[in-house]
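Undergrad: Here is my input, please return the structure:
(2 chains)
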Amino acid sequence: MQRRILSTVAAATGILALTACSGGGGGGGDTDARGPITIWYSNNAAEISWGEQMVDAWNADHPDEQVTAQEIPAGSSSEEVISAAITAGNAPCLIFNTSPAAVPGFERQGGLVNLSDFPDGDDYITARSGELAEQYRSDDGGFYQLPWKSNPVMIFYNKDLFAAAGLDPENPQLSTYDDFLATARTIKESGVAPFAINPAPTSEFFQSWFDFYPLYAAQTGGTQLVEDGQSTFDDDSGQAVADFWATIYSEQLAGNEQYQGDAFADAYAAMAIVGPWAVQVYGDDVNWGAVPVPTENGTDAADTWTFSDAKNVGLFTACDNKGTAWDVLKFATSEEQDGAWLEATGQMPLRQDLTDTYADYFAANPAYQLFGDQAARTVEVPNVSNSVEVWQTFRDGYSKSVIFGEEGVDAFLSDAAEQINGLVAGN
Amino acid sequence: MTAIVPGRAGRPEPDPSTGSGTGSGRRGRAGAPGAVDAESPARRKRGRLLGKQPLGILFSAPYIIFIAVVFAYPVIFAIWMSFQDYFFAAPGAQVDRPFVGFANYVTALSDPAVWQSFGNVGIFLLINVPLTLVLSLLLATALDRVVHARTFFRVAFYVPYVSASVAVVAVWLFLFSNQGLVNAVLGPLAPSPSWLVNSALAMPTIAIFVTWKGLGFYILLFLAALQNVPKELYESVSVDGGGRLRQFFTVTVPGVRPATVLVLLLATITGANLFTEPYLLTGGGGPNGASASPVLLMYQKGIEQQNPDVAAAIGVILIIFVLIIAALQRRFVGREES
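TA: Numbers count the residues shown, from 1 in each chain, chains lettered A, B, ... in the order given. This is a model prediction of the structure:
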């Protein structure tokens, strides 16, 4: 009997292996140290292409400070890989794929260098990004991330499906909630696609960035989910946005089941909420158009805000040659390299006066002009403690109330606001 | 434990519990009568510590080290973590990780999502474990008697087990999605909301999926056990006029009881570790947490949200949960075996 109990215990120990990670390793170096460094960049083809040319250009002029680059290692998410690398002490010097939502966590881990500690740190960041940079400043006033690039999300629509449904594909009625709903109902009733729009209805913490949050940013003229340590969404604006999406789901204008694949590319839905990265992805396969996200009463495109879907650059404490890393970071975000980035990927550098600086590019690529204009009015995820938990709490309530209709929108907004206030306060 | 009988030193009685007295016997033969009594207390203590065959430790060392490093250390570390205000930090980072007593357990148990996840896994086990047991025993018995295409059938049941969950989940999504094959066949009888977004059906659907996927392994366990059931017993029942059904209940079921206990235990532990299926099949434990498992929550809290201390507390609670179920199973199913 005792032997069996012991064997039971031994077998059950596997359950806890998931939590058993610990730290180790080391790192150091001051902000002046120079020498070779390593960097990671994203693993999509366009970004790799840009990264390779950037590294080649740097290495050609800096034989003693060579950069070794690689794609970010595979994992279920970049944030998990980076967090593990910080803990293990083997993070590279720079990662050109750092999610702003994860930065407070990385900061708490002691994994990020405060870029404001460099003599020209603050000046460089604010000069490049202008007022947008302030959204990325941490509670202690420092910048633990360099605002790099954004993908301001907008409504993509399939012109062919709109035409087939009897809608005007060149002048879609999508600016107010009533217009949007009427258009969506027409699409659904016409049967040209199973759904009018189909944002992912799954429970991951980040999914609200592609349904609720862009519309909330537009409805409020640029308010973050949390400001000054308090949640903001339990108000008329939050109610209007949540009611809008609840109507979409209750009328089955969007599916509440995960779609395997790209719903927009597969004509499973006639609209999508995506950023300019999608321009290259859909290319000529879909006859698409883009408009700003709707607001309750309609907002002029020139005044509409949205979610940034930004990725930034972090400089990690494990880096030995931080002086070189800072120089490479400035080189990679210089006007010349930002231009190369724009050409290679179509994603927007978080740079003030973007459309003026690269006027030739936007003239030659009018499809991106709208995104270039929109990039100046983007809202970032709030830079607060427990950021990911805040978003998971919001998503859980949103899922229950808006997607599955098991709870009233009022209760969801007030409950989520209360819980999130507690999380932001560190409770 | 080998008994050494005074006055018969060197020729100990064989221990009926182990059926062996070899170790002491060899020691006795090597020395003169009375040699055992002449052993120093220190030597006897070392002998008890190292066992009868010290060399065995050398051979078992790799496994012991493996268990210690991969299982025992993580468990002890996780238990320790669950009592600290712990988070992962960069090497050399000055962080404070104070002892917080049961605070992480209070946090975990105050979270309705944690209770819901344990309820979910309870539903899962109630469906998965009996279904696994019954189906694998029935199929193993049938496969044991198959004469033609025996290998084909065995492989057919085993293939899902060795297939990657990610690939197999895609097939089930094709079958059980709103516009999937199952609903197309059911037509107006299809549930609404559909299987994987129905809070009442999501977990049972996952339980059936996991049962189907793991069945091959448990069939193999029962097939191995069936080889040890004496064929004469079947003949005896047959001579007494017992049919197939009676043979099954009077010979097969008692004959594979050790394997049954093992299958129960493994199915319970595997079920309690449920992660991949809700993560992939129901979009992260949906709808609205109806298929979230404790391990999925551990992943969310420990890895995504960087609260490994609370995740560790959930893990410890999960271990206790599994041990209670295993103990109940032992009490009601495995007692006669011992």
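Undergrad: Would you mark the buried spots in the host helix or strand of A:T183?
TA: In the assignment (DSSP states H and E), A:T183 maps to helix A:177-190. Within helix A:177-190, the residues that count as buried by 16 or more other CB atoms under 10 Å in any protein chain shown are A:Y177, A:F180, A:L181, A:T183, A:A184, A:T186, A:I187, A:K188. Just so you know, the C-beta spots here come from the backbone N, C-alpha and C atoms, and that holds for glycine as well.
Undergrad: tell me the mean pLDDT over the helix or strand that it is followed by?
TA: On the C-terminal side of helix A:177-190, the closest following helix or strand by DSSP H and E is strand A:195-197. Throughout strand A:195-197, pLDDT has a mean value of 97.
Undergrad: neighbouring contacts of strand A:195-197?
TA: Here strand A:195-197 makes contact (CB atoms under 8 Å, 6 or more residues apart in numbering or on different chains) with A:155, A:183-185, A:187-188, A:248, A:252-255, A:263, A:268-273.
Undergrad: okay, residue 187: pLDDT?
TA: In the absence of a named chain, this looks at chain A. Value for A:I187, per-residue pLDDT: 97.
Undergrad: my question was about chain B
TA: What the model reports for B:G187 is a pLDDT of 90.
Undergrad: Any figure for the gap between it and A:G283?
TA: Counting by CB to CB, to the nearest Å, the separation of B:G187 from A:G283 is 39 Å.
Undergrad: can you check A:G89 too?
TA: 42 Å.
Undergrad: Of those two, give the one with the bigger neighbour count.
TA: A:G89 (19 against 9; other CB atoms under 10 Å in any protein chain shown).
Undergrad: isn't that one right up against A:A318?
TA: Yes - using CB atoms under 8 Å, A:G89 makes contact with A:A318 at a distance of 5.4 Å.
Undergrad: picking up where we left off before, quick one: distance of the helix holding A:T183 to the chain centre.
TA: Put simply, helix A:177-190 sits 28 Å off its chain's centre (CA atoms, centre = their mean, to the nearest Å).
Undergrad: Now do the host helix or strand of A:N312: which elements does it pack against?
TA: Per DSSP H and E: A:N312 is located in strand A:311-315. Judged by 3 or more CB pairs under 8 Å, 6 or more residues apart in numbering or on different chains; DSSP states H and E, strand A:311-315 is in contact with strand A:94-98, helix A:103-108, strand A:146-150, helix A:322-332.
Undergrad: Nearest to chain B, out of the ones you listed?
TA: helix A:103-108 (4.7 Å; CB to the nearest CB).
Undergrad: After the closest one, which helix or strand is next? Please name it.
TA: Counting by DSSP H and E, what follows helix A:103-108 is helix A:121-129.
Undergrad: Show the average pLDDT along that next one.
TA: Mean pLDDT, computed over helix A:121-129, is 96.
Undergrad: Please apply the same query to stretch A:47-55.
TA: 95.
Undergrad: repeat for stretch B:192-204
TA: Mean predicted confidence for stretch B:192-204 is 91.
Undergrad: For the residue nearest to A:T223 when sequence neighbours are not counted, the count of nearby residues, please.
TA: Distance criterion CB to CB, 6 or more residues apart in numbering or on different chains; nearest residue to A:T223, sequence neighbours excluded, is A:T232 at 5.3 Å. Other residues near A:T232 come to 18 when the count uses other CB under 10 Å.
Undergrad: Just the pLDDT for A:T232.
TA: For A:T232, pLDDT reads 96.
Undergrad: Contacts only, for it.
TA: A:T220, A:T223, A:Q224, A:L225, A:V226, A:G238.
Undergrad: Please identify the residues of the stretch 201-338 of chain B in proximity to chain A?
TA: B:265-266, B:269, B:272-273, B:282-289, B:292, B:295, B:298-308, B:311-312, B:315-316, B:318-319, B:322-323, B:326-327, B:330, B:334, B:338 (CB under 8 Å from any CB of the partner chain).
Undergrad: Tell me which of the residues you listed fall in strands.
TA: Members of these lying in strands (criterion: DSSP state E): none.
Undergrad: which ones among those are found in helices?
TA: B:265-266, B:269, B:272, B:295, B:298-299, B:308, B:311-312, B:315-316, B:318-319, B:322-323, B:326-327 (DSSP state H).
Undergrad: And the buried ones among those, selectable in PyMOL?
TA: A single PyMOL command selects the buried members of those (16+ other CB under 10 Å):
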select buried, chain B and resi 265+266+269+272+295+298+299+308+311+312+315+316+318+319+322+326
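Undergrad: can you list the domains in chain A?
TA: Residue ranges for the domains of chain A, per automatic domain parsing: A:25-150+A:310-369, A:154-307+A:385-424.
Undergrad: Tell me where the model's unsure across chain B.
TA: B:1-48, B:334-338 (pLDDT under 70).
Undergrad: if we go to 80?
TA: Scanning chain B for pLDDT under 80 picks out B:1-52, B:147, B:286, B:333-338.
Undergrad: Residue nearest the middle of it, spatially speaking?
TA: Residue closest to the mean C-alpha point of chain B, counted by CA atoms, centre = their mean, is B:L266 at 2.7 Å.
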